[in-house]
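# Coordinates for the following, if possible.
(4 chains)
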2 protein chains.
Amino acid sequence: MIKRQSITIHDVAKTAGVSVSTVSRVLNEKDDVAEETYKKVRNVIEELGYSSDLAAKSMRSRKTNVIGLIMPDVTGPFSVHVAKGVNQAILELNYDLMIYTSGDVRKLSSSTKEQQFISSLNNSFTDGVIIVTPTSGHFISTSPVVVVDPSIHEPSGPAVISTNYKGAIEATQHLIDLGHRRIAHISGRLDLLSAIRRKKGYEDALGHAGIDYDPELFVNGDYTRETGKECAEQLLKLENPPTAIFASNDQTAFGVYEVAESLHIRIPEDLSIIGFDNVPESGNFNLTTVDQHIDRMGYAATKMLIDLINGNEIESTQLKIYTELVIRGSAMKLGQHSSG
Amino acid sequence: MIKRQSITIHDVAKTAGVSVSTVSRVLNEKDDVAEETYKKVRNVIEELGYSSDLAAKSMRSRKTNVIGLIMPDVTGPFSVHVAKGVNQAILELNYDLMIYTSGDVRKLSSSTKEQQFISSLNNSFTDGVIIVTPTSGHFISTSPVVVVDPSIHEPSGPAVISTNYKGAIEATQHLIDLGHRRIAHISGRLDLLSAIRRKKGYEDALGHAGIDYDPELFVNGDYTRETGKECAEQLLKLENPPTAIFASNDQTAFGVYEVAESLHIRIPEDLSIIGFDNVPESGNFNLTTVDQHIDRMGYAATKMLIDLINGNEIESTQLKIYTELVIRGSAMKLGQHSSG
DNA sequence: CTGTTAGCGCCTTCAC
DNA sequence: GTGAAGGCGCTAACAG
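A predicted model of the protein is given here:
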């Protein structure tokens, strides 16, 4: 690693024997530069290994060709899969990607912090920003912002969200079709629209089937595996435990698996379970789940953002991604098992 | 989402009735500001929802409190786990994290692109940078750069690397102890030191055991699952196929699993396999593997970087993370099986 | 304690 | 086709 004083546009200008503005012109591919001058400058740039300072550049010009992605963390499966989709889109559309995080949901999840991140990125070196599962709904920004899995406080800004209600209905209905009546639900982060909609779907499916809603069977999760475990414990230790659980997402479902195992409850023989998300890991668990195509959400959000950036006409700024029930082996007919 | 012209330090200064430098002082928590003035300015900042422009800020001050992480992609397990470790470290050390990627190994993996990323980040809004599996080894930079899993071209810069040689020796030895003699190796990206060292460990373990090195049993992979499949196919369709494979990483091993399954080769009865990395997924596959504590690598790299940034004394800029053989069920004694 | 004065590296008029 | 000058939003001396 060579450590050297960073070389600027001035250095290039000097050694090329031209002015800084000329260098700036070739840097930005302006077409009013003489062929010869262009080549000469390009050579010097190459030679010196010059690369323009993004900060300085973005301060003057409004176009940086990088989009920002603000995530509560970089390690949760949801974030990772959104990032995957975004990754793919920027690849196709030839943008660079800058992910900004403070490392923890709890550290980011204050609207001021979110706003600060947006300002930091968007007012400077980013052409637009995608924010994932925000706490707040109002963002002050000079460049476009699109949100993935918006909060309940977001009224109408550009957003990508999946058909959570439909997905929850189908999941719950599947359980009902299997003969289950005591169906529990562990909810997600209830400040997120997705969690609210899934909860509603669960309730409505129950209602349509004429099943009484038992408040004992509803517990409040937050989409994490840890909380999933706590909730599962609470549910499974009930005097009259559920025969099936609809978990608000796969992480939560994995938590249920853990608890079930420690309690010697077999899945699906003793307990049916359905998740939401269809992260790859759910395949290993043979988990029946609702695929919400997280990567597509990231992809679509990126497309939308870039359309917004370019001022293109957009059909709708509220994009829905269609969910799909993926039937695997974690839910089975009630009373099907030989033992118990 | 409210769209508004971004408000600057001048706006704050004006409405607070002070000068911009005073605002700058409270922004940076300088202690030579009158209590009263401080409060007044803070109020106005709050009121206006002001947040400083990172670009402009970092252009003047050398300290941004954000570190950069440059990765070939954001979706591969290795990257994700490095990010996880980095994430943890910045949380503890109170830094923010900026991940920069162009989305694909192939797009990043040119030394010019890498250099460009480093320049873009490090000469401007980042106090230092971590680069993962770089192609090149020489970086021009004004701020510190530490590399995780360095290339073979990196002579001596700050780096974090695991004991690849030791790990490979142990893995291969384990296979030998199990009675295997025809042990194949699918290598990793050979422009990376890690891949070279693992290959060497494999060869040496074979040598020490007095096993002839059969060039047929060595194939050239690149750490991806896809290539792992191709290599496995080549190996398993050999006239005299190996009884065991030491894969350069878990991804590669997963590729082997896929091919084995399609060829009706049972693991471990017909074929023993050992991976490298110990990503969580390997648990699901019951894969015996070498844990290289990827997250620790990210964590350690971040610590080192921040020490470098603060000008602290550092014991060594070449940090080794110790690997550990994790024995699960994918490798068994040769000839142990009942059938075949 | 606070305001004034210079730039940081770059892009963008506006002349020539 | 090219150069000179000005300023983006901010911080860092230097005065007072």
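# tell me the contacts of the closest residue to A:D11 other than its chain neighbours?
Leaving aside its sequence neighbours, A:D11 sits nearest to A:L48 (CB to CB, 6 or more residues apart in numbering or on different chains; 6.3 Å). C-beta here means a position set from N, CA and C on the backbone, and glycine is covered the same way. If a contact means CB atoms under 8 Å, 6 or more residues apart in numbering or on different chains, then A:L48 has A:7, A:11-12, A:15 as its contacts.
# ok, and the most crowded of these?
Within the contacts of A:L48, neighbour counts (other CB atoms under 10 Å in any protein chain shown) peak at A:V12, which reaches 24 neighbours.
# before we move on, the earlier item: looking at the contacts of A:L48, which is nearest DNA strand D?
A:V12 (11.3 Å; CB to the nearest atom of the strand).
# ok, now which ones touch A:Y50?
Taking CB under 8 Å, 6+ apart, one finds A:7-9, A:11-12, A:44 in contact with A:Y50.
# now, the most widely separated pair of those?
A:T8 and A:V44 (12.5 Å; CB to CB).
# Mind checking which of these two has more residues around it?
More crowded of A:T8 and A:V44, by other CB under 10 Å: A:V44, with 20 against 17.
# Centroid-nearest residue for chain A?
Geometric centre of chain A, nearest residue: A:V82, 4.1 Å, by CA atoms, centre = their mean.
# Now that residue. Nearest residue, chain neighbours left out?
Counting by CB to CB, 6+ apart, the residue nearest A:V82 is A:G298, at 3.9 Å.
# Check which helix or strand the one you found maps to.
helix A:294-309 (DSSP states H and E).
# tell me the average confidence for that helix?
Helix A:294-309 comes out with an average pLDDT of 95.
# Enumerate the positions of that helix that are buried.
A:294-309 (16 or more other CB atoms under 10 Å in any protein chain shown).
# Could you point out which of those residues is nearest to chain B?
A:D295 (8.9 Å; CB to the nearest CB).
# pretty sure the closest one contacts A:Q88?
Yes. A:D295 lies in contact with A:Q88 (CB atoms under 8 Å); the separation is 7.2 Å.
# The helix or strand where A:G255 lies close to chain B?
If you go by DSSP H and E, A:G255 is part of helix A:250-262. No. Helix A:250-262 is not in contact with chain B by CB under 8 Å from any CB of the partner chain; minimum separation 11.0 Å.
# Now do that helix, average pLDDT.
Mean pLDDT, computed over helix A:250-262, is 97.
# Enumerate the beta-bridge partners assigned to A:A247.
A:I186 (DSSP bridges).
# For it, which residues are in contact?
So A:A247 contacts A:185-186, A:221, A:228, A:253, A:255-256, A:273-276 (CB under 8 Å, 6+ apart).
# okay if I get the residues you listed as TSV plus neighbour count and distance to DNA strand C?
Compiled in TSV, the contacts of A:A247 are given as follows (neighbours: other CB atoms under 10 Å in any protein chain shown; distance: CB to the nearest atom of the strand, whole Å):
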residue	neighbour count	distance to DNA strand C
A:H185	30	53
A:I186	29	51
A:G221	26	48
A:G228	30	49
A:A253	31	49
A:G255	23	50
A:V256	28	53
A:I273	27	55
A:I274	30	53
A:G275	32	48
A:F276	30	45
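# Please settle this for me: is A:L235 part of a helix?
Yes. Assessed with DSSP: H, G, I helix; E, B strand; the rest coil, A:L235 lies in a helix.
# neighbours around it, how many?
Counted with other CB under 10 Å, A:L235 comes out at 21.
# Mind jotting down where the helices sit in the stretch 201-340 of chain A?
In the stretch 201-340 of chain A, the helices defined using DSSP state H, counting those that start in this stretch lie at A:225-236, A:250-262, A:281-284, A:294-309.
# Show me what the longest one is packed up against.
Spelled out, that is helix A:294-309. Applying 3 or more CB pairs under 8 Å, 6 or more residues apart in numbering or on different chains; DSSP states H and E, we find helix A:294-309 packed against strand A:66-70, helix A:77-93, strand A:128-132, strand A:145-148, strand A:159-162, strand A:318-321.
# do you know which of those lies nearest B:Y165?
helix A:77-93 (30.9 Å).
# Figure out how far the helix or strand following the closest one is from the centre of its chain.
Toward the C-terminus, helix A:77-93 is succeeded by strand A:96-101 as the next helix or strand (DSSP H and E). Its chain's average C-alpha position is 13 Å from that of strand A:96-101, according to CA atoms, centre = their mean, to the nearest Å.
# residue ranges with poor pLDDT in the stretch 101-250 of chain A?
A:102-111, A:123, A:155 (pLDDT under 70).
# could you pull out the strands for it?
Secondary structure of the stretch 101-250 of chain A (DSSP state E, counting those that start in this stretch): strands at A:128-132, A:140-141, A:145-148, A:159-162, A:183-186, A:218-219, A:244-247.
# As JSON lines, those strands with distance to A:A260 would be great.
Formatted as JSON lines, the strands of the stretch 101-250 of chain A follow (distance: least, CB to CB, whole Å):
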{"stretch": "strand A:128-132", "distance to A:A260": "30"}
{"stretch": "strand A:140-141", "distance to A:A260": "45"}
{"stretch": "strand A:145-148", "distance to A:A260": "31"}
{"stretch": "strand A:159-162", "distance to A:A260": "27"}
{"stretch": "strand A:183-186", "distance to A:A260": "12"}
{"stretch": "strand A:218-219", "distance to A:A260": "15"}
{"stretch": "strand A:244-247", "distance to A:A260": "9"}
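# Determine which stretch of these is the most buried.
Most buried of those, by mean neighbour count (mean count of other CB atoms under 10 Å in any protein chain shown): strand A:244-247, with a mean of 30.
# With only the CA atoms kept, save that one in CSV.
Only the C-alpha atoms of strand A:244-247 are listed here, as CSV (Å, rounded to 0.1, in the frame of the first residue of the first chain):
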residue,chain,number,x,y,z
ALA,A,244,-50.6,-24.4,14.4
ILE,A,245,-48.7,-21.2,14.3
PHE,A,246,-48.6,-18.6,11.6
ALA,A,247,-45.3,-16.7,12.2
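# In the stretch 151-300 of chain A, which residue sits nearest DNA strand C?
A:P158 (25.6 Å).
# got it, and the stretch 201-340 of chain A?
Proximity of the stretch 201-340 of chain A to DNA strand C (CB to the nearest atom of the strand) peaks at A:I309, 15.4 Å away.
# Now do that residue against B:Y38, distance only.
Between A:I309 and B:Y38 the distance is 38 Å, computed by CB to CB, to the nearest Å.
# swap in A:G228?
45 Å.
# How about A:D250?
Counting by CB to CB, the gap from A:D250 to B:Y38 is 48 Å.
# more crowded one of the two?
For A:D250 versus B:Y38, neighbours defined as other CB under 10 Å are more numerous around A:D250 (27 against 16).
# Show the contacting residues for that one.
Residues counted as contacts of A:D250 (CB under 8 Å, 6+ apart) are A:77, A:275-279, A:281-282, A:287, A:289.
# Now rank the residues you listed by neighbours and give me the top one.
If you rank the contacts of A:D250 by neighbour count (other CB under 10 Å), A:G275 sits at the top with 32 neighbours.
# Show me what that residue is bridged to.
A:T289.
# these two touch, right, it and A:T288?
Yes. With contact defined as CB under 8 Å, A:G275 counts as touching A:T288 (7.3 Å).
# follow-up on the earlier one: could I get the contacts of A:Y50 as JSON lines with distance to A:I245, secondary structure and pLDDT?
Shown next, in JSON lines, are the contacts of A:Y50 (distance: CB to CB, whole Å; DSSP: H, G, I helix; E, B strand; the rest coil; pLDDT from 0 to 100):
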{"residue": "A:I7", "distance to A:I245": "61", "secondary structure": "coil", "pLDDT": "84"}
{"residue": "A:T8", "distance to A:I245": "61", "secondary structure": "coil", "pLDDT": "89"}
{"residue": "A:I9", "distance to A:I245": "61", "secondary structure": "helix", "pLDDT": "92"}
{"residue": "A:D11", "distance to A:I245": "64", "secondary structure": "helix", "pLDDT": "91"}
{"residue": "A:V12", "distance to A:I245": "64", "secondary structure": "helix", "pLDDT": "93"}
{"residue": "A:V44", "distance to A:I245": "66", "secondary structure": "helix", "pLDDT": "93"}
